[in-house]
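[1] Dropping a prediction and its sequence here:
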Amino acid sequence: MKTLIYLVLALAAITLPVFGQRNASMRIYPTQGSQQISKHIYGHFAEHLGTCIYGGLWVGPDSDIPNTKGYRNDVLEALKKLQIPNLRWPGGCFADEYHWMDGIGPLSDRPKMVNNNWGGTIEDNSFGTHEFLNLCELLGCEPYVSANVGSGNVEEMAKWVEYITSEGDSPMARLRRQNGREKAWKVKFWGVGNESWGCGGSMRPEYYADLYRRYATYCRNYDGNRLFKIASGASDYDYNWTEVLMKNVGNRMDGLSLHYYTVTGWSGSKGSATDFNADDYYWTMGKCLEIEDVIQKHIAIMDKYDPDKKVGLMLDEWGTWWDEEPGTINGHLFQQNTMRDAFVAALSLNLFHKYTNRLKMTNIAQIVNVLQSMILTNGNKMVLTPTYHIFEMFKVHQDATYLPMDLICDKLKVRDNREVPLISASASKNSNGNIHITLANVDNDKMNNISIDLQNVSIKTVNGRILTSPSINDHNTFENPNKVKPENFNGAKIEKGKLKVVLPAKSIVVLEIK
Ligand code: AHR
């Protein structure tokens, strides 16, 4: 027996430096929450790009793939479980080439166009305004319509607002009725152009600011529908764009957008979505977390011009951007999604919660088959990605009260001089008084023992779910769709009023405390 114990101890001593463990501690302040995590932080984005719309969300009513009035049943059912708060459409870059009148009325009358931004694919306009807004109704989410400023005109945008939201006997409301929709839709969120510094018109901020003011003037509030107008904002580190917009537009806009992708660079290879090593993985975490500094700097500029925080920061594109999957169509941005992407989602959402007194919406790019998507489809097959599972696990934070916390954990120096804390965490309290904590152990090799002090909150029960997998490269395929999926988590215990959590290496957990 003694020999056996010795052997076990000796083995532990040899393996610990590699498969060892770390410790972390957290203090959560359950009575000090003052800001709400808007559900819109969990927003999505659907662009006419690759197979996001056609094949992914929409197959048309005549398809052999089971569908409801043209929308794929399997995708609809999966998306409903995410409690999607809002869906941005039709782009992206596509939005500034899209002419909405081409996508209404009888199918046979709808003209075709070339989707110049995305592989030169022919767009037949069979998915248009009605198809999008009806999808939002099926999903129970708010539409976010991004209008064409780059190649459109003021009249076109003004008429789109009227067509969708006017109840009266106006010309556009009559046209809508003629096309089969009696009642106006309620659409609050309107984007006035997209990436106007680039694919949306290559403009300078001073010029766009004036153009925004002009377009916004003619977008009216019809019949109780109050517009929330979102100006096209900066990319990443372009603080001057935010400065000029805040100075020249200010409270004429309700929101100002920001785009930030976790990407290695815009030219050359962005790296494989699935074939990467631990060094690449940690680099990705560093690049993903750098968004915090970017958000803080844009917020500091906004605070200078708008101390009462009337203008929301809308991060309406974010996520990972890898090389397209080999064998897929160039320009369609179809990429796989691994545990690494799940970490990007978890770390991003955890940090977004901190800034929700200014950050009012975020939209991961994109919902199906494009970039860091929730779902991948191929013909009649569908898989849920690891990122989908994070959005499903983290949805408990939607509209809950953000709880401040202190966190002490080890950090790792990674490539490009960035530093990555090895634990990511966030906590919130919902309207029933239940506390949810989302935790990620970023460490690829070591488990982490976390001690959580909830400041005398009496804990009756703690339940959890975990997403983990033997390798950070693991992902779901059409052949093996359930390789990565959440399981019940039994690693949280209550000890002397504190929560002791043992997080396995490379794992993401959600805890519910009652
Ligand atoms: O999400 C893909 C593209 O990235 C969008 O169309 C554009 O806005 C951004 O550059």
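    Received the coordinates, thanks. Numbers count the residues shown, from 1 in each chain.
[2] what's next to stretch 70-85, contact-wise?
    38-40, 42-44, 56-61, 63, 65-68, 131, 135, 138-142, 367-368, 374-375, 377, 382, 384, 388, 391-392, 395, 398 (C-beta atoms under 8 Å, 6 or more residues apart in numbering). The way it works is simple: take the backbone N, C-alpha and C, and place the C-beta from them, glycine included.
[3] Could I have the PyMOL command that selects the buried members from those residues?
    Buried residues among the contacts of stretch 70-85 (16 or more other C-beta atoms under 10 Å), as a PyMOL selection:
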select buried, resi 38+39+40+42+43+44+56+57+58+59+60+65+67+131+135+139+141+142+367+368+374+375+377+382+384+388+391+392+395+398
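[4] Just to be sure, which of the contacts of stretch 70-85 are found in helices?
    131, 135, 138-139, 388, 391-392 (DSSP state H).
[5] Spatially central residue for the protein, please.
    In the chain, the residue lying closest to the centroid (C-alpha atoms, centre = their mean) is residue 364, at 2.4 Å.
[6] Report the beta-bridge partner residues of the closest residue to that residue other than its chain neighbours.
    Once flanking residues are discounted, residue 364 sits nearest to residue 319: 4.7 Å by C-beta to C-beta, 6 or more residues apart in numbering. As for beta bridges, residue 319 partners with residue 261 under DSSP bridges.
[7] quick one: contacts for residue 319?
    Residue 319 neighbours (C-beta under 8 Å, 6+ apart): 261-262, 341, 344-345, 364-366, 371-372, 387.
[8] The residue in the chain that the ligand sits nearest to: neighbour count?
    Nearest residue of the chain to the ligand, counting by C-beta to the nearest ligand atom: residue 92, 2.6 Å away. Counted with other C-beta atoms under 10 Å, residues neighbouring residue 92 total 29.
[9] Could you check how far it is from residue 376?
    Residue 92 is 19 Å from residue 376, where distance means C-beta to C-beta, to the nearest Å.
[10] swap in residue 128?
    Applying C-beta to C-beta to residue 128 and residue 376 gives a distance of 25 Å.
[11] Which of those two has more residues huddled nearby?
    Legend: neighbour count by other C-beta under 10 Å for residue 128 and residue 376, higher for residue 376 (26 against 19).
[12] Now that one: closest residue in space that isn't a chain neighbour?
    residue 383 is the one closest to residue 376 (C-beta to C-beta, 6+ apart), at 5.1 Å.
[13] Repeat that for residue 56.
    Residue 56 sits nearest to residue 368 (C-beta to C-beta, 6+ apart), 3.5 Å away.
[14] Could you do residue 466 as well?
    residue 489 (3.9 Å).
[15] one step back: neighbours of the residue nearest to residue 376, how many?
    22.
[16] try residue 201
    20.
[17] Just confirm it is within a helix.
    No: assessed with DSSP: H, G, I helix; E, B strand; the rest coil, residue 201 is coil; it does not lie in a helix.
[18] For it, which residues are in contact?
    The neighbours of residue 201, taking C-beta under 8 Å, 6+ apart as the test, are 96, 149-151, 193, 208.
[19] can you tell me which two in those residues are farthest apart?
    Comparing all pairs in those by C-beta to C-beta, the longest separation belongs to 151 and 208, at 14.2 Å.
[20] higher neighbour count, the two?
    Neighbour count, other C-beta under 10 Å: between residue 151 and residue 208, residue 208 has more, with 26 against 13.
[21] Touching, that one and residue 233? I think so.
    No: here residue 208 does not reach residue 233: they are 9.9 Å apart, not a contact under C-beta atoms under 8 Å.
[22] hey, what's in contact with both of these two?
    Going by C-beta under 8 Å, 6+ apart, residues that sit against residue 208 and also against residue 233 are residue 245.
[23] what's near enough to touch the closest residue to residue 92 other than its chain neighbours?
    In space, residue 92 comes closest to residue 47 once its chain neighbours are excluded; the distance is 3.8 Å by C-beta to C-beta, 6+ apart. By C-beta under 8 Å, 6+ apart, the contact set of residue 47 is 53, 89-95, 118, 365-366, 370.
[24] What about those residues, which are in strands?
    If you go by DSSP state E, the contacts of residue 47 have 89, 365 in strands.
[25] Filter the contacts of residue 47 down to the buried ones, ChimeraX style.
    Only the buried entries of those go into this ChimeraX selection, using 16+ other C-beta under 10 Å:
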select :53,89,90,91,92,93,94,95,118,365,366,370
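[26] Now render the contacts of residue 47 as TSV, adding pLDDT.
    Putting these into TSV (pLDDT from 0 to 100) gives the following:
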residue	pLDDT
53	98
89	98
90	98
91	97
92	97
93	98
94	98
95	98
118	97
365	98
366	97
370	98
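[27] Can you tell me which of the contacts of residue 47 is closest to residue 157?
    residue 95 (10.8 Å).
[28] quick one: the closest residue to the closest one other than its chain neighbours and residue 316, what's the gap?
    Nearest residue to residue 95, sequence neighbours excluded (C-beta to C-beta, 6+ apart): residue 146, at 4.1 Å. Look at residue 146 and residue 316: by C-beta to C-beta, they are 8 Å apart.
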